[in-house]
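> have a look at this prediction, sequence included:
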Amino acid sequence: MKLSVEISMYPLQDGYKPKIKAFLAHINQHAADVEIRTSNMSTRLFGDFDSLNSVLNAAMKDSMKRYGKIVFVCKYLEGDARELEGYD
């Protein structure tokens with residue numbers, strides 16, 4: 001099953017930029033079969049349901065262990081949102 005996810009990360013500490021960059025680096029290192037599109041406000045991921053969730057869960061867990069309290073806002077859509085008219 002295909003999945004599309006839009007995720008935003010909000011560390012609840014000062015110096016948030018390096019924490020966000022580390023989270024994105026973790027995703028990029030472990031997401032061989034997931035397409036990643038990063039913008040100023042969020043990151044969108046597209047791929048297989050299980051692969052995508054595995055990558056996200058590992059990256060969120062790593063960030064929370066390293067930095068403590070972090071808010072993640074995620075939107076999940078079954079299917080490939082890139083195929084929707086006007087998505088971009």
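Good, I have the coordinates. Residues are numbered from 1 along each chain as shown.

> partner strands of the helix or strand of the chain with the lowest mean pLDDT and their direction?
Within the chain, no helix or strand scores below strand 35-38, which has a mean of 90 by mean pLDDT, DSSP states H and E. Partner strands and pairing direction for strand 35-38 (DSSP bridges) are strand 43-48 (antiparallel).

> tally of neighbours for residue 64?
With neighbours defined by other C-beta atoms under 10 Å, the count for residue 64 comes to 13. All C-beta spots, glycine's among them, are computed from the backbone N, C-alpha and C.

> what's the answer for residue 25, then?
11.

> do the same with the one 4 residues further on
By the measure other C-beta under 10 Å, the count of residues near residue 29 is 10.

> ok, and for the strand or helix carrying residue 73, which residues are buried?
Per DSSP states H and E: residue 73 is located in strand 70-78. Within strand 70-78, the residues scored as buried using 16 or more other C-beta atoms under 10 Å are residue 70.

> flag the shaky bits of the chain, pLDDT-wise.
85-88 (pLDDT under 70).

> now do the helices in it.
16-30, 49-67 (DSSP state H).

> let's have those in JSON lines, adding distance to residue 36.
Output for the helices of the chain, formatted as JSON lines (distance: least, C-beta to C-beta, whole Å):
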{"stretch": "helix 16-30", "distance to residue 36": "6"}
{"stretch": "helix 49-67", "distance to residue 36": "9"}
